[in-house]
Structures are given as C-alpha cells and as structure tokens.
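**Student:** Sequence isn't available, so here's the structure alone:
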C-alpha cells in the first residue's frame, strides 16, 4: 500500500507545483491597421514593453489586430478566450469596437480593460459591464476642461463636429452638459465618418453659423480633416480637439492647419513640461522614457500610455488574485476582476488609479491637462 501511495503523493506534489507556476495569459486586440491605426500602433508597441513576469509568474501576451472593425474585434475576443484561454483582455482601441466586445467578455466571464474613452463602456454598471474596465479618461472630464478654457477666453458660441459613431455621439452628449454649465451656446452640430475624405458640406454650415470656436470630436488622423477644411475656407476662430487627437500622427497630417489648436490630454503628453510638484510627472516620465528608448521619443503618444496603464493595473490585480486562485481557471478570472475593482493608488502615465464597484476607471482631475499646438509640438498650458 505504501508503495502505491508514494507515487500518488509524488504525482500530486508535481501537479500542485505545476499549477503554482501556471503562466498568466493576457489577450490583446487593438486597431493596428485601418482608420484607427494611429491609435492601435502605439498601443501594440507598448504591449511589448509590459512586464514579462508578474508576482513571480511568467506572462504571455497574445496580440491580435482587429483592423478598426467591430466584427473583427468581437471575433478576436472570442478567439482569445476560446483558443488562448486568456485570463484578461486588453482592448480595443476605439469606442465602437470596445462596446461590441462587451457581450462576449461578459458571456466568457473574462475581465476586459478597454483602451477607448467613452464612459458608456462602464456606465451604468450592470451584469455585463461588471466585467469591463478602462484606462482612458472619461469624456466628461475632458469636456469640462474644454468648456472651462472656452469660458476663460471669452468664447460665447461654438460649433460641434464629430464622428458619426459612438465616439462622436458620446462626446456631444457630454459637451452639451459642460457647455451649459459655462453658459456657452452650441450653434451647430455636424457629423462625419472616420473614413470620409471630404467634409465640405458640414464645414459650409459651420462657416455660415459664424461660431467663436469649433470643437472637433474625432480621434487619430481622421480628426484633422474638418480642421484642415475649415482653415482652407478661411475660418479664423479658436479650434479645439478632444484627447482622441493627441498623437504625433495627428500633428503630421494636420501640419500648419492645426497650429494654435487647444485640447485636453493626459499628463503623459507633456510629461517633461510638467512642474515637479505634479503628482503624475514621475510615473508619466517612466512611460515616456521606456517608449522613447524603444521606438523614439517623438513617437510617444497618449494612446500607448493607456496600454501602459492597463498593464500596471493588471499587474497590481494579479498580485492579489494569485492569493485566491491560479491562472487559466474561471476562479482566477473572477478573482482578477474583483482585484481590478479594488485598484488603489496605482500611478500611471495618465494619472493615479483608484477603482471601486461604482467606478471602473478610477481617475480624478490629476488625469488631465490642457495643451496647445505650437510650432508643430504640444505646449503645456498651466
């Protein structure tokens, strides 16, 4: 009997040791090609900089490209869960893609950290959004920064032009609230597609309205199209963009036509210009230096910073979740979800994260600054 028990005990011990060192698998779907590529490329690049071990256990990253397509984003999500058995999913790059993924992650009971901005991804909390978190600032936080800047510079009327999808609609909804608080009148409301090559009709309507300022709610390089068209028509009022345009590709495409533009952004965009007293400067510079060393400092963008922050909050959550279960199991995914909801004082590229059951983002006002485009570069506005 003892001879039988010894091999059994050895097998049990080996199995336990194997489980104790199970790899953590992080699934990623980003828009590395298509209209949102200027967002997805720096996000994909950043994934390569994330920790290869967390709490002493190896981490594997499975990265897929959804080509800026909602159907592909959902397909990638299901593939990551079914084939790679991922413990958590990071992505996608845009609001429409991320919204489309929610049903799949909820059904698969796998936590998801979106790299898209819309608060609709996590609000209001329900059984499905229970599994969803995000790292970009909520639109209302940025909309309030824009409205405050407009009011302080004497803007009374503004025209709005945004994407004809969830990003544009979400931004209009939030900006209406912010503008109302600051007694700013929205006198034009236009839309355009991410893939449009002309916005002449919309721009003519805006010009006819004669607003003091124009707010463009777009992201990546497509956000430059309305601004270039307005400049070509001779518009001389103030121009504002959302944080969706905060990358070097937008500057490259916009060129001289985006000079003087104001926008809210995460502190990482101007990390080196921040005063030493800014609580995010140190953590933002950590990302800037890491990305700059790998890909060039001129390639740093806020979008890559969102992926970096996702990695930081996952690492914090993994440390807690491993005390309850092992990777590759439903129990670990549930424990990881619970730990993500209890993130405390995690300093990232965009701010300091403190999540709760009611707040699956966890950023406060330390997560935003105002910037201006001067001489083809971002200038911090104190």
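**Tutor:** That came in fine, so what should we check first? The shown structure was predicted, so the numbers you read here are calculated from the model rather than taken from an experiment.
**Student:** Dihedrals phi and psi, the nearest residue to residue 305 once chain neighbours are set aside?
**Tutor:** Nearest residue to residue 305, sequence neighbours excluded (CB to CB, 6 or more residues apart in numbering): residue 349, at 3.6 Å. All C-beta spots, glycine's among them, are computed from the backbone N, C-alpha and C. Backbone torsions of residue 349, given as degrees, to the nearest 10, read phi -70, psi -30.
**Student:** What residues does residue 349 make contact with?
**Tutor:** With contacts defined as CB atoms under 8 Å, 6 or more residues apart in numbering, residue 349 is in contact with 266-268, 271, 280, 283-284, 286-288, 302, 305-306, 308-309.
**Student:** quick one, helices of the stretch 151-300 of the chain?
**Tutor:** 166-181, 200-209, 224-232, 248-254, 281-295 (DSSP state H, counting those that start in this stretch).
**Student:** which one of the ones you listed lies closest to residue 60?
**Tutor:** Taking CB to CB, helix 281-295 is the member of those nearest to residue 60, at 19.6 Å.
**Student:** For the closest one, enumerate the helices and strands it packs against.
**Tutor:** The contact analysis (3 or more CB pairs under 8 Å, 6 or more residues apart in numbering; DSSP states H and E) places helix 281-295 against helix 37-47, helix 302-321.
**Student:** helix, strand or coil for the closest residue to residue 65 other than its chain neighbours?
**Tutor:** Counting by CB to CB, 6+ apart, residue 65 lies nearest to residue 32, which is 4.2 Å off, once chain neighbours are set aside. Taking DSSP: H, G, I helix; E, B strand; the rest coil as the rule, one finds residue 32 in the coil state.
**Student:** how about the helices and strands packed on helix 281-295 in CSV, adding mean pLDDT, distance to residue 361 and mean neighbour count?
**Tutor:** Shown next, in CSV, are the helices and strands packed on helix 281-295 (pLDDT from 0 to 100; distance: least, CB to CB, whole Å; neighbours: other CB atoms under 10 Å):
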stretch, mean pLDDT, distance to residue 361, mean neighbour count
helix 37-47, 96, 17, 25
helix 302-321, 97, 10, 25
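**Student:** so where's the stretch 101-250 of the chain shaky on pLDDT?
**Tutor:** For the stretch 101-250 of the chain, no stretch is flagged by pLDDT under 70.
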